Every structure is written in C-alpha cells, then in structure tokens.
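Undergrad: For reference, the sequence and a predicted model appear below.
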Amino acid sequence: MSHAVIADKRPSALRGARLPKWSSWAIAVGSVAIAVAIGLGAGLDSRIQWGLIAAILFILGTYGIAARVEGRRQAKDRIATSLVWVAFLLAVVPLVSLIWATVQRGVKVLDVYFLTHSMGVVADSEPGGGIYHAILGSLEQVGLATVIAAPIGVLTAIYLVEYGRGNLARSVTFFVDVMTGIPSIVAGLFILSLMLMFDMQPFGFAGSLALAILMMPVVVRSTEEMLKLVPNELREASLALGVPKWRTIMKVVLPTSIGGITTGIMLSVARIAGETAPVLLLVFGNPFINANPFEGAQASLPLYIYQQYANSAGSTAAYDRAWAASLTLIAFVMILNLVARGIARWKAPKTGR
Amino acid sequence: MAKRIDVSGLTAYYGSHKAIEDISMTVEPRSVTAFIGPSGCGKSTFLRTLNRMHEVTPGGRVEGKVLLDDEDLYGTGIDPVAVRRTVGMVFQRPNPFPTMSIFDNVAAGLRLNGSYKKSELNDVVEKSLKGANLWNEVKDRLNKPGSGLSGGQQQRLCIARAIAVEPDVLLMDEPCSALDPISTLAIEDLIGELKERFTIVIVTHNMQQAARVSDRTAFFNLSAVGQPGKLIEIDDTERIFSNPSVQATEDYISGRFG
Amino acid sequence: MDISTQNTQAPPPTTQPPVAEQKRAARGATRPGDRIFLGLSRGSGIFLLVIMAAIAVFLAYRASLAISKDEGNFLTAFEWNTNLNPPVFGIAVLAFGTVVSSIVAMAIAVPIAVAIALFLTHYAPRKLSGPIAYVIDLLAAVPSIVYGLWGALILVPNMNGLFGWLNEYLGWTGIFSWEGGAPRSMLTVGILLAIMILPIITNVSREVFRQVPQMHEEAALALGATRWEVIRMAVLPFGRSGVISASMLGLGRALGETMAVATVLSPTFDIQASLLDPGGGTFAQNIASKFGEATEFGRDALIASGLVLFVITLLVNGAARAIIARRKEYSGANA
C-alpha cells in the first residue's frame, strides 16, 4: 500500500527541464563581470579578492539558477561540478604564478658569467657574482650521498623482495616506511649530534650523510616496486637451469628491472638536490669555491638561495640571484625528472613480448 | 507499470568503431526477451543502449530511436538520469555497494529520489527483498554489509536494489554467468516471477537458459571480427529453438558454430 | 564433526616438519656466492635499522644533555634563552605554531586536493587529465626552498588585501583580527604549506579514486544517480581511508617543513590568538633560524626540540601506514 504512495512521488516523465549547455559559461562570465565591477567599485586592490568573489558568485549563481530550473538534485550535481572546477582553478593560480615568477625573474641575471663565477669577492647586497661554487658543492654533496645511498637502498630492496621473510624483513619494511617520513631537518640534527660528539666543524660530506639518510628509504621503496614487477616465471626458469640464486638475481632479475631502478634513483636524487635544511646545519655555506667536500664549509644551490634571500637585507641584486639560482635548481630537478621518466618508458619491463 | 520498448534503426559506436548496426525490434511488456549470440556480437552493447548506459563508456555514442511507450529515450530534453531510473539494470558480476549494509543497498535508489519516512523505507525494502526471494535469508542481518553474502545472494540483492525503485523495465546482462548452478536456478525462478510486473530483457550466453526463461528470443551475429553486430532475427522462443527462419540461427543453436 | 576434529588436530604435526625441512634444505644449499650476496643484502637491511636506532639514541642523548640543565619547564616554558645562565627554554610556542600551521594547511589542502583528484578522475576531459596529472607530479618535485622564496617575495605582498578583508568581516572572532603588520603570519604559512602538500595529497587520492571498481559506479548510475550521487555513493566511501592516509602523509610533510616557514614567517616567541598577526614559530623553523648563532649548548637544546618533532612525525606517519594496512586487508577480504 505504502509503496504505491512512494511510486507516485517520482517524476512521471523522462524529460526534465534542462539548462542549455552554454549556461555554465554564461554564469561564469557573469560572475567574473560582477566581481570586477565590485572590485573596481569598492576599490579592492588585491586580485585574490576579485578571484574569490567571482568564485563565490559562480557557485551560488549556478546553484540558484539550477535549483529553480532543474530541481534540487540536479542543482546539487551542478554545484559539485562547479566546486570541483573552482578548486582546480584555485590550485592552478599559485602554481602557475610560482613557475612564471621563477622563470621571469630568474632569467634576468642567469648567464654564463653567473654559472661560472662564485660570490668570493662580491658583497651580498651588491650585483655580480654567481653560483659556480654552489653548483660544485651541490654536485659533490648529492653525488656522494647517491654513492652511499643507492647501493644500500638497492641491496635492501633485493633483501626484502628476494630473501625477506620473517621478523627482520617485516621490521625493515616498517622502518623504511617510518624513515620516509623523517623531516629533513631531523636527519640534519642527527648528523649534527654526531659532529658535536667528535667536535667537528661543518664540511660537505656531513651534508651528504644526512642527504643519504633521506634518500635511502626512497630508493628502497621504488626498487622494491620494480623488483616485484619481475615475473616469478623468469626467476624459476633460471633456477630450474641450476643457476645459483645470486647469479639469477644479478643476471636475470636486475637486468630486467634496471630501467625502473635507475628511474627511482634519479627521482630520489632530484628530491634530495633541493633539500636545504640539513645542508644549512651541516655544510654551513661558503661564498668561496671549496672543491673539497671532506674539509671546510661548502656552498650548495638550495642553501645559496636561502642565504641570498635571508642575509641580504632586501637587496634587489641578491633577490635576482636567488631567483636565478632557483631557476637553475628547478631546471636541474625537472631535467632529472623528465630523463628519469623517459628511461622508465624506454626501459619498461619487457614482459608483453 | 511495465512498458513496451520499440527500437528502430539503432547504431552504436565506441569512438570510431561501430559496435552494432541498424537494429530494430519490439520488446513486449510483461514478458522476458532473451538476447543470444556469439561473443562480441554486441548484445551487451545493445542492452546498454536501452537505458543510456552505453554513453557512460568513453567514446560511446548512439544513433537511432528507442521508444519507451512512445517516448524516445534519445529525444531532445530527455534526462539520462531519469531514463536509468525508469529502466533498471542488473550486471554480470554482483555489485552491491561494499560499504553499505544490506538494507542501505536496497534503499539506495529510493534515497536518491527524495526523503522517505523510516517506515516507508522498511516496507519497500522488505517488499523488494521478498520480491527477490532473499528476505528469508537476510531478514535477521539487514544491517550487515552486503559484501558478506554469497555470490548468488549478492546477485539477488542487486535485483532487489533494482526493483526497489519500481522501474518499468529490468535489463539483465548475463546475470548468472558468475554464479553456481543452484544460485542460477534461484535467479531463473525469480525472473519467472518478476515478469508478472516488469518488462525483462536478459542477455545470456547459455542457450538452455534462454530456452527456459524467455518468451521471445533475439539472435545477434556479426559477419566477421571487427564488423558491427547485427540482429539476425527475433521470434517466439519456441520457434527460434525448434524452427528458426534463418539458417545462421539454426547453425548457432545446434552448436555448429559460435 | 569427524572431519572438523581431524582438521583441527591432525595436520599440524604432519605438515610442519616438511616445511621446516624444505627451508633448511633451501638454506643449506647456499654456495659461497649466495652466502656473500645474502649477507650483503641482509646487512644493508640491518644497517637501515641501525641508522633508525642511532637517530633515536643520539638525538635523545644530546637532548637529555640540554634538558637536564633547563631551568624552565621544557614542555611549557614560553621562552627560548639558551645563552642565559642558567638557560631557560621550552617548546610550548613551537608545538602550538607547528600544530596551528599544519591544521590551517590541512584545512585548505585536503578539500581542494580531493576536489582536484575527483576533477582528474571524473570530470576533466580525458585528453586533459593525463597531462594535468603529469604536471602535478612535476610540481611535487619543486624544491621547498623555491616555494619558500616564492612565498616570501610573491605570496606575502599579495596577502594584504585578503587580510584586510578577513579582519573587516571576521575580525570579531579574534582568530582573524589583524593589527596591520606585514602578513608574515601563521595563515600565510598555512596557505603556503597547503600549496606545497597539495600535489602529494592529490596524487595519492587520484590513485585511490581510480581504483574504484567500474561496476560500483555503474551500479549507482543504473539506479538513476547523477554524477555527484555516483561519487557520493560509490567513489567517496570506497576512497575514504585512502584519502585519510594521503592526508596524513601530507600532514607529515607540513609538520616537518623548514625552509618555506623560515622564509615566510616573522617569528616571535609567544602565542598569538590571531592567525593574521605575525609571530609564533614552528619546530623546524626555529631550528633553522636559531642555529646560526647557537652555542654548543644551544645546539643541544635545538636537538631536543627536533626530537619532539621526530616523535610527532613518527606518530603521524605510523597512523597513516596503519590506515593503509587496514585498507589492504579490507579490500583483500572483499576481492
């Protein structure tokens, strides 16, 4: 009986009133126009406010009009759609601004001179100088960190995937996860506590050690994923031929997954290349060229950016150098990323054929 | 309640690939119509055009007419959401919402269409579960998750969920292909009962099943792989299985190909 | 009944020895090469454990050196004077600032990230969503110092209008009151952190939403659900735990972020009720800004605060992992 009552509530027809396709655009244009009018009229100087007003008007307008024409359910659907679009646009704005600012301000002083000179004889507030010493320091510190972290990370991943069973493997897995979450400054403090014990002064390699700690879990994770992709049949085929397990790993498993492993290592290099905090604590920074990572303070690219920003008391020349160094650093990180992804695509596990 | 479906000149595409071509047929109300044919002949695609689910697939689009009691489902101003509300569907694999209880699964469709009193919902859920021959098995655990049921029970739960909104037509896309023989029998019995109230269209790979449950049977075929599927013939089930008018149908049914 | 008793009693004694023997046989057959290789790889795993233990032990040791001389209460003192004799320092302000900035960041980033993930999986045209996802991947790789520089030089000057606005309409709450100082405050820090953790939360959420089985979405569609109703019925319930763990990962990043906070915030060692007035500090920022002029004792005190940060991030990350692990079991049971 009651069912018949419910059945009556539903719309009898298949057709519902629908807003035309262009209505979203019309509402969007309308709300932007009104927002600009309000912004000009009330003399709001921040574009952020204009954008927010437009977004709010767009959402409310869509809901109001849709609720009137199409009904509540459709209006809810439309408000979800417009919220999702607004969220996307809101997020795009700062990200575009970041890239734009870095490129636009970075190219001002970025030239060959900038890349091949140090800050040795240039005061922080004066124009001139360059980042040669910082690039050198970064390459040495990151290179040493990679030399330490990559083998340990890959071997640990091999242990976890090829041998690991029982409590040891489980606790290694757990602590690799935990290590992934260590803030970079805490890794820096750990090495610092060692240096305090032995009464050491800042030097490049200390930074490498902290960076290696940050890099290891990332390498383990990505290598693990890659090793798991190697089909078991390959291993069994090799073992069945009487090949010892370690040679199976070296000759069959690793060659199959080497592309993915390389990609993972390059991505983790890109990640640590941008780390500032541990370098600040352990390497200290140095305006002169110091090519020896084992003795004396060194510079590094991210640290250089921070110091140009923080130590220059608002000098335009220093800000320009900071932007140019940022552009260099981003370019380095992005190229590593793109090359790494290229390798991943090119060397994808050859299973299909 | 139950409505007649009139399809004329229907062609469906996936992107640029033509999946089915120029299909016309009539599905009688309060009857079971079975679609049979070899794999890839487009019978599932055709089924999905009957409640506008085909266009959900990326690149999916449709030409032609599907009249539901004289109203074209693809006409201008038709709301696909309302169409799917009127033409219910049961899928190949049982797909109860995993995070919802048995009760909430059945009530899910009703809750979309407005707010109901708890007692109203209770009545509809009970009636739908009884209609799906599931009530006695689950009445003591309506608040347990639907994913805890057996495969056959899950499929009947999905049928209960589909009939709870009182659709005019019920589409079933190989509803028993993932089930064991006993559960299959239970569903087939259920289909026999449901046709008293709904227009039922069922896609099946199992010709015995088509012979057992359907009043009319449509045979689909394709001339070659990559070619669009076509409707070869539609007739009373008895005739299709005893004395079909097209040779290809007879070949298929007697197992000479497909 | 007979079968069940047999099952519970008989198998263990008969099945276990062979398994153990097999294991022994497999290990016993190792050659020198195998032994060396296993030793190396297992050694690396153990080395990682040793590093983790060493981090905890050394930080705790240096921290204890500092805390034992602390004349104030390490947990509640509102001061950081490590050069006084006797020294007085406490982490109350830092804990407050770290939590507040992270909460602001999460409140902004999580809804927007979830919305973008939905945009990519359910709203954006297919041709657009691939490249956008790729760009978001790359943005996750932008170094934090660059975000910091952008935040300090571009974001901060652009916040004045918004701050004035918030003060005018919401100033009465106290949380959004503003005395007109430079907008180098917790709110700006929170917004910058939100922008920084947006890519990671978006990426993980997108993966989760993409894994929602097609058949659950079709079930909702076939009941006559609108796109939003499909998301609410099938997508969000399925993805909830994944989104929570993604947020926790983002939270872990926000808690430990150093440079972006150090460049933007103008720190003071007190607690502000308002998010708009400059002041306050976070663990990581305090370490970076105080480190330069700290004595050896001062460095130990900073290590003590770093230890607290370490423990907090461990807890947050542990919670995230636990949620992910539970989700795996859950989906496994359903498969």
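TA: Perfect, thanks for sending it.
Undergrad: For the stretch 151-258 of chain B, list the residues in contact with chain A, please.
TA: Taking C-beta under 8 Å from any C-beta of the partner chain as the contact definition, the stretch 151-258 of chain B meets chain A at B:165-166. C-betas here are computed from N, CA, C, even on glycine.
Undergrad: which residues of the stretch 151-258 of chain B fall in helices?
TA: B:151-164, B:181-194, B:207-213, B:237-242, B:247-253 (DSSP state H, counting those that start in this stretch).
Undergrad: between these, which gets nearest to C:Asp70?
TA: helix B:151-164 (62.6 Å; C-beta to C-beta).
Undergrad: In that closest one, which residues are buried?
TA: Buried positions in helix B:151-164, judged by neighbour count with 16 or more other C-beta atoms under 10 Å in any protein chain shown: B:152-164.
Undergrad: show me where pLDDT drops low in the stretch 101-250 of chain B?
TA: Applying pLDDT under 70 to the stretch 101-250 of chain B flags the ranges B:115.
Undergrad: Run a quick neighbour tally on the closest residue to chain C within it.
TA: Per C-beta to the nearest C-beta, the residue of the stretch 101-250 of chain B with the smallest distance to chain C is B:Gly109, at 3.9 Å. Using other C-beta atoms under 10 Å in any protein chain shown, B:Gly109 is surrounded by 27 other residues.
Undergrad: Give the next helix or strand downstream of whatever helix or strand it lives in.
TA: For B:Gly109, the element it lies in under DSSP states H and E is helix B:102-112. The C-terminal neighbour of helix B:102-112 among helices and strands, as given by DSSP H and E, is helix B:118-131.
Undergrad: Tell me if that next one is near chain A.
TA: Yes: using C-beta under 8 Å from any C-beta, helix B:118-131 comes into contact with chain A via B:119-120, B:123-124, B:127.
Undergrad: is chain C contacted by that helix?
TA: No: on the criterion C-beta under 8 Å from any C-beta, helix B:118-131 is out of touch with chain C, staying 12.3 Å away.
Undergrad: Now do that helix: which elements does it pack against?
TA: Contact partners of helix B:118-131 among helices and strands, from 3 or more C-beta pairs under 8 Å, 6 or more residues apart in numbering or on different chains; DSSP states H and E: helix A:2-9, helix B:102-112, helix B:135-138, helix B:151-164.
Undergrad: Put the alpha carbons of the longest one into PDB.
TA: This means helix B:151-164. The C-alpha coordinates for helix B:151-164 follow below in PDB (Å, rounded to 0.1, in the frame of the first residue of the first chain):
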ATOM      1  CA  GLY B 151      27.600 -14.700  -4.900                       C
ATOM      2  CA  GLY B 152      24.000 -15.800  -5.700                       C
ATOM      3  CA  GLN B 153      22.600 -13.900  -2.700                       C
ATOM      4  CA  GLN B 154      24.600 -10.800  -3.800                       C
ATOM      5  CA  GLN B 155      23.100 -11.000  -7.200                       C
ATOM      6  CA  ARG B 156      19.500 -11.300  -5.800                       C
ATOM      7  CA  LEU B 157      20.400  -8.400  -3.500                       C
ATOM      8  CA  CYS B 158      21.300  -6.400  -6.700                       C
ATOM      9  CA  ILE B 159      17.900  -7.400  -8.200                       C
ATOM     10  CA  ALA B 160      16.200  -6.300  -5.100                       C
ATOM     11  CA  ARG B 161      18.000  -3.000  -5.300                       C
ATOM     12  CA  ALA B 162      17.000  -2.600  -8.900                       C
ATOM     13  CA  ILE B 163      13.300  -3.400  -8.400                       C
ATOM     14  CA  ALA B 164      13.000  -1.300  -5.200                       C
END
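Undergrad: so how far is that helix off the chain centroid?
TA: 12 Å (C-alpha atoms, centre = their mean, to the nearest Å).
Undergrad: repeat for stretch A:292-308
TA: Chain-centre distance of stretch A:292-308: 22 Å, with C-alpha atoms, centre = their mean.
Undergrad: quick one: buried residues of that stretch?
TA: Result for stretch A:292-308 [16+ other C-beta under 10 Å]: buried residues A:293, A:297-308.
Undergrad: in what helix or strand does C:Gly190 lie?
TA: helix C:186-210.
Undergrad: when you compare where the helix or strand harbouring C:Ala301 runs with where helix C:186-210 runs, what's the angle?
TA: Secondary structure assignment for C:Ala301, by DSSP H and E: helix C:296-334. Put simply, helix C:296-334 runs at 30 degrees to helix C:186-210, going by axes from the mean of the first three to the mean of the last three C-alpha atoms, to 10 degrees.
Undergrad: in helix C:296-334, what's buried?
TA: Buried residues in helix C:296-334 (16+ other C-beta under 10 Å): C:298-310, C:312-314, C:316-318, C:320-321, C:323-324, C:327.
Undergrad: cool, stretch B:136-154 as well?
TA: B:137-138, B:142, B:145-149, B:152-154.
Undergrad: same question, stretch A:151-160
TA: Residues A:152-160 are the ones in stretch A:151-160 that count as buried (16+ other C-beta under 10 Å).
Undergrad: For that stretch, which outside residues touch it?
TA: For stretch A:151-160, the external contacting residues (C-beta atoms under 8 Å, 6 or more residues apart in numbering or on different chains) are A:169, A:172-173, A:176, A:212, A:215-221, A:223-224, A:227, A:249, A:253, A:261, A:265, A:268, C:38, C:40-45, C:47-48.
Undergrad: Okay, now the unreliable bits of the stretch 1-150 of chain A?
TA: A:1-13, A:16-17, A:45-46.
Undergrad: Around chain C, which positions in it sit nearby?
TA: Residues of the stretch 1-150 of chain A lying near chain C by C-beta under 8 Å from any C-beta: A:44-49, A:52, A:73-74, A:76-77, A:80-81, A:83-85, A:87-88, A:90-91, A:94-95, A:97-98, A:101-102.
Undergrad: In PyMOL, how would I select just the buried ones from those?
TA: Here is the PyMOL command that selects the buried residues among the residues of the stretch 1-150 of chain A next to chain C (16+ other C-beta under 10 Å):
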select buried, chain A and resi 44+46+48+49+52+73+74+76+77+80+81+83+84+85+87+88+90+91+94+95+98+101+102
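Undergrad: okay, stretch C:70-84 in CSV with CA atoms only?
TA: C-alpha atoms of stretch C:70-84 as CSV (Å, rounded to 0.1, in the frame of the first residue of the first chain):
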residue,chain,number,x,y,z
ASP,C,70,67.0,23.6,31.5
GLU,C,71,65.7,25.9,34.3
GLY,C,72,62.4,26.3,32.7
ASN,C,73,59.9,23.6,32.0
PHE,C,74,60.9,22.1,28.7
LEU,C,75,57.3,21.4,27.7
THR,C,76,55.5,24.5,28.9
ALA,C,77,58.1,27.4,29.1
PHE,C,78,57.3,30.3,26.7
GLU,C,79,61.0,31.2,26.3
TRP,C,80,64.0,30.2,24.3
ASN,C,81,67.0,31.6,26.0
THR,C,82,69.8,29.1,25.8
ASN,C,83,72.5,31.7,26.4
LEU,C,84,71.2,32.7,29.8
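Undergrad: can that stretch be found next to chain A?
TA: No: using C-beta under 8 Å from any C-beta, stretch C:70-84 never reaches chain A; the gap is at least 14.0 Å.
Undergrad: Show me what counts as buried in that stretch.
TA: C:70, C:72, C:74, C:77-82.
Undergrad: and A:Ala318, what is it in contact with?
TA: Residues in contact with A:Ala318 (C-beta under 8 Å, 6+ apart) are A:124-125, A:308-309, A:311-312.
Undergrad: The nearest residue to it once chain neighbours are set aside: neighbouring residues, count only.
TA: Distance criterion C-beta to C-beta, 6 or more residues apart in numbering or on different chains; nearest residue to A:Ala318, sequence neighbours excluded, is A:Ser312 at 3.2 Å. Around A:Ser312 there are 18 other residues, counting by other C-beta under 10 Å.
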